[in-house]
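Colleague: structure for the following, please:
(2 chains)
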Number of protein chains: 2
Amino acid sequence: MPVAMSQVTCGLPKIARNRRQLASTINHSLFKPEVVRDRIIQLSEEAISFGFAAVCVNPCWIGLAASVVHGTGVKVASVIGFPLGASHTSVKRFEAQEAIRVGAQEIEMVINVGALKSGERRLVQSEIESLAALTHNNEASIKVILEMPLLTLEEQILACQLCVAADVDFVKTATGFQGAATENDVALMRGVVGDDAGVEVAGEICTVAAANAMLDSGADRIGTIHSVAIITELAALESNQALSIQPA
Amino acid sequence: MPVAMSQVTCGLPKIARNRRQLASTINHSLFKPEVVRDRIIQLSEEAISFGFAAVCVNPCWIGLAASVVHGTGVKVASVIGFPLGASHTSVKRFEAQEAIRVGAQEIEMVINVGALKSGERRLVQSEIESLAALTHNNEASIKVILEMPLLTLEEQILACQLCVAADVDFVKTATGFQGAATENDVALMRGVVGDDAGVEVAGEICTVAAANAMLDSGADRIGTIHSVAIITELAALESNQALSIQPA
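Modeller: Okay, here's the model as predicted:
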């Protein structure tokens, strides 16, 4: 996508999306195990005040985050089988049920990478189908984390196809624990899923330019902890642009 | 422990333990999500032929590993709430039940680090007690992974005390995902738990010297993927020593 790339690499980034628009694509996400209660409250309050799509936390913090964002339109997302994906399907189901019960509206499940690489396509497929049905029956949405950095091209395409067949809401690039997903990963995923699913990109996305590049490559959701920095940078860019068009 | 340190740092390591003795302290461990079925079989066969204490795998591979080591004396270990520890207690319980049902004999649970750091001592305590009771009632043993690199000294001591109070079988230093545990971590843990629990150290322990140093610091179990390299190195050391005492 040369147009998108030139927006990113040539001088000041164009302001392709305003603050409200960009914020609405962001899952404000924090998975470090040492995060404390007060930081989860702060994270949830930031999601409200900046207008992020969702706050995304580890399962044990779902109830707390849900109590903060209740009634604001900000959703609560959480992770299942995270970050290794190497749990039993029965455990992923139980974990998802518990997550939804205490307030999660978006369930992000890591696929069983080892099973996929062992040729156990039916296990991977039935697991995705099972979690998609469970979440949809409980009025939650399902994202499937593919861990693109670990997959061959063939595995990447197959994983996306299995997700479309299972009617998932989103495919997500990676956990962030096994290397960063790229714009190419996003473009490939969008290529396979077309309009049948959303594409979320996760990782060290720290700037307005990086966020816009991912969106221009085909993502419609960004999972990052640098959300506040990104929107603060965009506010400064908008302010500079407003000054530059004032009459001399 | 100056004696232990001098063994490690001065020239060739002394052969403090023979191959059988050293192998019997090792959990042959592999948690990478991309590991495939054939590698799990190989890992389990290595555990048998080298005489390791246990083969330690992600939950989805427990059944396979158990089928390979069945009847050999090698145990199957697996991990719960791994590596973030930030699951609900109910999910950790379900995960442990499933793990034991399909063949795990050693359950390694990661504590809820964020709860500990938030001052939620009762949550951490009741979770450890709950998992200890569950595993013991099902003839499995429980190890609690403390994630020492993330804890303050006060938290490290408290976590060890809670484990002793809950009658756990082992405290384990770390997951390996949040930095490496040190000989000092091992010594501190041994200092707190005394004879009331075993101490397992995990991480990038690659050599005979490093393994002996950890054991000399107070560990009685080592979790590593470098098990075969360590025992192969020891075999070479033993062979060299045997040659050096031959008459000229």
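Colleague: please enumerate the strands of chain A.
Modeller: Ranges of strands in chain A, per DSSP state E, are A:26-30, A:54-57, A:75-80, A:106-110, A:141-145, A:170-172, A:198-202, A:221-224.
Colleague: so what's A:A77 bridging to?
Modeller: Beta-bridge partners for A:A77, by DSSP bridges, are A:C56, A:E106.
Colleague: spell out which residues of chain A are next to chain B.
Modeller: Applying C-beta under 8 Å from any C-beta of the partner chain, we find that chain A lies next to chain B at A:31, A:33-38, A:58-61, A:82-88, A:90-91, A:94-95, A:98, A:102, A:110, A:112-115, A:117-118, A:120, A:147, A:150, A:177-178. Glycine gets a C-beta too; all of them are placed from N, C-alpha and C.
Colleague: narrow these to those in helices?
Modeller: In this view, those that belong to helices under DSSP state H are A:37-38, A:90-91, A:94-95, A:98, A:113-115, A:117.
Colleague: now, which of those sits nearest A:C206?
Modeller: Closest approach between these and A:C206, by C-beta to C-beta: A:D38, at 23.7 Å.
Colleague: quick one: that closest one from A:N58, how far?
Modeller: Relative to A:N58, A:D38 is positioned 15 Å away (C-beta to C-beta, to the nearest Å).
Colleague: so which of these two has more stuff around it?
Modeller: Using other C-beta atoms under 10 Å in any protein chain shown as the criterion, A:D38 and A:N58 rank with A:N58 on top: 23 against 9.
Colleague: pretty sure the more buried one sits against B:P83.
Modeller: No: counting by C-beta atoms under 8 Å, A:N58 stays clear of B:P83, with 11.6 Å between them.
Colleague: so what sits against both of the two?
Modeller: A:P33 (C-beta atoms under 8 Å, 6 or more residues apart in numbering or on different chains).
Colleague: endpoint to endpoint, stretch A:217-225 covers what distance?
Modeller: Criterion C-alpha to C-alpha, to the nearest Å; first-to-last residue distance in stretch A:217-225 is 20 Å.
Colleague: and for that stretch, what's in contact with it?
Modeller: A:1, A:4, A:25-30, A:53, A:56, A:170, A:172, A:183-184, A:186-187, A:189-191, A:198-206, A:211, A:214-215, A:230.
Colleague: make a PyMOL selection of the buried ones in these.
Modeller: Buried subset of the contacts of stretch A:217-225, written as a PyMOL selection, criterion 16 or more other C-beta atoms under 10 Å in any protein chain shown:
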select buried, chain A and resi 4+25+26+27+28+29+30+53+56+170+172+183+186+187+189+190+198+199+200+201+202+203+205+211+214+215+230
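Colleague: could I get stretch A:129-146 in CSV with only the CA atoms?
Modeller: The C-alpha trace of stretch A:129-146 is given here as CSV (Å, rounded to 0.1, in the frame of the first residue of the first chain):
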residue,chain,number,x,y,z
GLU,A,129,-15.9,-23.0,16.6
SER,A,130,-16.6,-24.0,20.2
LEU,A,131,-15.4,-20.7,21.6
ALA,A,132,-17.2,-18.7,18.9
ALA,A,133,-20.5,-20.4,19.7
LEU,A,134,-20.0,-20.0,23.4
THR,A,135,-19.3,-16.3,23.3
HIS,A,136,-22.0,-15.5,20.8
ASN,A,137,-24.6,-17.5,22.9
ASN,A,138,-23.6,-15.2,25.8
GLU,A,139,-23.8,-11.9,23.9
ALA,A,140,-20.0,-11.5,23.8
SER,A,141,-17.8,-11.2,20.8
ILE,A,142,-14.8,-13.4,20.0
LYS,A,143,-11.4,-12.5,18.7
VAL,A,144,-8.9,-15.2,17.8
ILE,A,145,-5.2,-14.4,18.4
LEU,A,146,-3.3,-16.1,15.6
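Colleague: number of residues surrounding A:D195?
Modeller: 6.
Colleague: how near is it to B:L150?
Modeller: Distance of A:D195 to B:L150, given as C-beta to C-beta: 43 Å.
Colleague: same question, A:T175
Modeller: 19 Å.
Colleague: looking at the two, which is more packed in?
Modeller: A:T175 (27 against 21).
Colleague: hang on, that one packs against A:V110?
Modeller: Yes: using C-beta under 8 Å, A:T175 is in contact with A:V110, at 6.1 Å.
Colleague: mutual contacts of these two, please.
Modeller: Common neighbours of A:T175 and A:V110 (C-beta under 8 Å, 6+ apart) are A:79, A:82-83, A:145, A:147.
Colleague: in PyMOL, how would I select just the buried ones from these?
Modeller: Buried residues among the shared contacts of A:T175 and A:V110 (16+ other C-beta under 10 Å), as a PyMOL selection:
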select buried, chain A and resi 79+82+83+145+147
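Colleague: with pLDDT as new columns, can the shared contacts of A:T175 and A:V110 be given to me in JSON lines?
Modeller: Putting these into JSON lines (pLDDT from 0 to 100) gives the following:
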{"residue": "A:V79", "pLDDT": "98"}
{"residue": "A:F82", "pLDDT": "98"}
{"residue": "A:P83", "pLDDT": "98"}
{"residue": "A:I145", "pLDDT": "98"}
{"residue": "A:E147", "pLDDT": "97"}
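Colleague: how about stretch A:114-133: buried residues?
Modeller: The neighbour-count check on stretch A:114-133 (16+ other C-beta under 10 Å) flags A:114-118, A:120, A:124-125, A:127-132 as buried.
Colleague: again, but for stretch A:37-53
Modeller: For stretch A:37-53, by 16+ other C-beta under 10 Å, it's A:39-40, A:43-44, A:46-48, A:50-53.
Colleague: which ones among those lie within helices?
Modeller: Short answer: the buried residues of stretch A:37-53 in helices (DSSP H) are A:39-40, A:43-44, A:46-48, A:50.
Colleague: quick check, nearest of the buried residues of stretch A:37-53 to B:E106?
Modeller: Distance to B:E106 across the buried residues of stretch A:37-53 (C-beta to C-beta) is lowest for A:I40, with 32.1 Å.
Colleague: residues contacting the spatially closest residue to the closest one that is not a sequence neighbour?
Modeller: Leaving aside its chain neighbours, A:I40 sits nearest to A:W61 (4.6 Å; criterion: C-beta to C-beta, 6 or more residues apart in numbering or on different chains). By C-beta under 8 Å, 6+ apart, the residues touching A:W61 are A:35, A:37, A:40, B:86, B:114.
Colleague: which among the residues you listed gets closest to B:E238?
Modeller: The shortest approach to B:E238 among those belongs to B:A86, at 44.3 Å (C-beta to C-beta).
Colleague: my guess is that closest one contacts A:C60, does it?
Modeller: Yes: using C-beta under 8 Å, B:A86 makes contact with A:C60 at a distance of 4.8 Å.
Colleague: any common contacting residues for the two?
Modeller: Taking C-beta under 8 Å, 6+ apart as the criterion, B:A86 and A:C60 both touch B:112, B:114.
Colleague: wait, which of the shared contacts of A:T175 and A:V110 is closest to B:L162?
Modeller: Lowest distance from B:L162 to these (C-beta to C-beta) belongs to A:F82, with 24.9 Å.
Colleague: okay, now the closest residue to the closest one other than its chain neighbours: neighbour count?
Modeller: Distance criterion C-beta to C-beta, 6+ apart; nearest residue to A:F82, sequence neighbours excluded, is A:V110 at 5.5 Å. By the criterion of other C-beta under 10 Å, A:V110 has 26 neighbours.
Colleague: could I have stretch A:96-113 exported to CSV, CA atoms only?
Modeller: Coordinates of each C-alpha in stretch A:96-113 appear next as CSV, following Å, rounded to 0.1, in the frame of the first residue of the first chain:
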residue,chain,number,x,y,z
ALA,A,96,-14.4,-17.7,28.7
GLN,A,97,-17.6,-18.5,30.7
GLU,A,98,-16.0,-17.1,33.9
ALA,A,99,-14.8,-14.0,32.0
ILE,A,100,-18.2,-13.3,30.5
ARG,A,101,-19.9,-14.0,33.8
VAL,A,102,-17.9,-11.3,35.6
GLY,A,103,-18.3,-8.7,32.8
ALA,A,104,-16.1,-9.3,29.7
GLN,A,105,-17.8,-8.4,26.4
GLU,A,106,-14.9,-9.2,24.1
ILE,A,107,-13.1,-12.5,24.5
GLU,A,108,-9.6,-12.8,22.9
MET,A,109,-8.5,-16.5,22.6
VAL,A,110,-5.1,-17.6,21.6
ILE,A,111,-5.1,-20.5,19.1
ASN,A,112,-3.3,-23.7,19.9
VAL,A,113,-0.2,-23.0,17.8
